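[1] Just the structure for this:
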Amino acid sequence: MKVRAHVFISGRVQGVFFRAHTREQALKRGVTGWVRNLPDGRVEAVFEGEEDDVRSVIEWCRHGPPFARVENVEVEWEDYRGEFETFSIVY
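    Have a look, this model is predicted:
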């Protein structure tokens, strides 16, 4: 079943290549969507794909890349829209 998750990650998640690693993890699992930095220091992402794949990327976000220190991951499940062809970093 295809799902969509809107995710907010907080902690030391900017300046540690979190977005690039998130894109890599999503593409590896066939998950589409986007990721971006927020002005308040969090990272925001939208993931779409098969439920197991999306959950796998979210689980990866709970620890992130080597120099990140994730404090919280907030997940909002939304209706699947199928609006993305790939996974991108939004600036």
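[2] Report the buried residues of stretch 7-16.
    Neighbour counts over stretch 7-16 (16 or more other C-beta atoms under 10 Å) mark 7-9, 11, 13-14, 16 as buried. In short, each C-beta sits where N, CA and C put it, glycine included.
[3] Just give the nearest non-adjacent residue to the residue most central in space within the chain, would you?
    With distances taken as C-alpha atoms, centre = their mean, residue 45 lies nearest the centre of the chain, 4.3 Å away. Leaving out its chain neighbours, the residue that sits closest to residue 45 by C-beta to C-beta, 6 or more residues apart in numbering is residue 35, at 4.1 Å.
[4] Burial check on that neighbour, number of neighbours?
    25 (other C-beta atoms under 10 Å).
[5] Going forward, count from 47.
    Sounds good: first residue 47 from here, last item residue 81.
[6] How about it: which residues does it bridge to?
    With DSSP bridges as the criterion, residue 81 is bridged to residue 91, residue 135.
[7] so where does residue 119 fall, helix or strand?
    strand 115-124 (DSSP states H and E).
[8] could I have the strand or helix carrying residue 52 exported to PDB, CA atoms only?
    Element membership for residue 52 (DSSP H and E) is strand 48-58. Listed next in PDB are the C-alpha coordinates belonging to strand 48-58 (Å, rounded to 0.1, in the frame of the first residue of the first chain):
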ATOM      1  CA  LYS A  48       1.300   3.400  -0.900                       C
ATOM      2  CA  VAL A  49       1.500   6.000   1.800                       C
ATOM      3  CA  ARG A  50       2.600   9.600   2.400                       C
ATOM      4  CA  ALA A  51       4.400  10.900   5.400                       C
ATOM      5  CA  HIS A  52       5.200  14.600   6.300                       C
ATOM      6  CA  VAL A  53       8.200  14.600   8.600                       C
ATOM      7  CA  PHE A  54       9.900  17.100  10.800                       C
ATOM      8  CA  ILE A  55      13.300  16.300  12.300                       C
ATOM      9  CA  SER A  56      14.900  18.300  15.100                       C
ATOM     10  CA  GLY A  57      18.300  18.400  16.800                       C
ATOM     11  CA  ARG A  58      21.700  19.000  15.100                       C
END
